[in-house]
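Enquirer: A predicted structure for the sequence below; I have some questions about it.
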Amino acid sequence: MNQRVAHINLDTNNTLVIPSPKRLCLRIPLPDYVNSPIKYELNHNGETYQGFLDKNGEVDIELKQSSGEADFKIWPFGEAAEAVEWKLSLGLLPNIDSLQGVQARLNNLGMNAGLVDGIMGRQTRAALKRFQRKHGLQASGELEPKTRKVLLKAHGS
């Protein structure tokens, strides 16, 4: 199965769109000083999934249902400390041929394209430029076929 990992920026709100109907893979960027196992909890459609992030800050969860709202929590400083929590909106990715599909993939890769609304606004253009620079493309902020191809490859779907 082709898997990919969605990156979550620790200081922004996130809408996560997953390509596989029932598999959720997340990577939480962990500071160097965190070296003990970090507990996670995901509440999704009445189901609770618990475990520990692996040494790379990754979690791989097989979901019973593929869409809906979810609460994801981690305890980076131990269970006695306050949890860090994200509200996730899970669903299937729009097609890469649509601007919504491009925006969702840019967001999943941490490029912060803003709302997945199909509007080529300032935030989407800036995200495209960041992506293009990161992948050695001309940073035009335009959605050329080559950018779309590289985005599809970088995202994994």
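Expert: That came in fine, so what should we check first? Numbering: from 1, shown residues only.

Enquirer: V150 touches H135, doesn't it?
Expert: Yes: the pair V150 / H135 is scored as a contact, 5.1 Å apart, by Cβ atoms under 8 Å. (Each C-beta comes from the backbone N, C-alpha and C, glycine too.)

Enquirer: pLDDT below threshold where in the protein?
Expert: In the predicted model of the chain, residues 1-23, 33-34, 66 satisfy pLDDT under 70.

Enquirer: Of all the residues in the longest helix along the chain, which ones are buried?
Expert: Criterion DSSP state H: the longest helix present in the chain is helix 122-134. For helix 122-134, a neighbour-count test (16 or more other Cβ atoms under 10 Å) marks Q123, T124, A126, A127, L128, K129, R130, F131, Q132 as buried.

Enquirer: returning to that earlier point: V150 and H135: which is more packed in?
Expert: V150 (17 against 14; other Cβ atoms under 10 Å).

Enquirer: can you pull out the strands in this protein?
Expert: Here the chain has its strands, by DSSP state E, at 6-7, 23-27, 39-44, 47-52, 58-62, 68-75, 84-90.

Enquirer: need the ones you listed in TSV with distance to E142 and mean neighbour count, can you?
Expert: TSV is the format used below for these (distance: least, Cβ to Cβ, whole Å; neighbours: other Cβ atoms under 10 Å):
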stretch	distance to E142	mean neighbour count
strand 6-7	24	18
strand 23-27	29	19
strand 39-44	37	18
strand 47-52	40	13
strand 58-62	33	15
strand 68-75	34	18
strand 84-90	28	16
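
Enquirer: Tell me which other helices or strands the longest helix of the chain touches.
Expert: Applying 3 or more Cβ pairs under 8 Å, 6 or more residues apart in numbering; DSSP states H and E, one finds that helix 122-134 contacts helix 99-108, helix 145-155.

Enquirer: mind giving me a markdown table with these and columns for distance to E41?
Expert: As requested, those are exported to a markdown table (distance: least, Cβ to Cβ, whole Å):
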| stretch | distance to E41 |
| --- | --- |
| helix 99-108 | 22 |
| helix 145-155 | 27 |
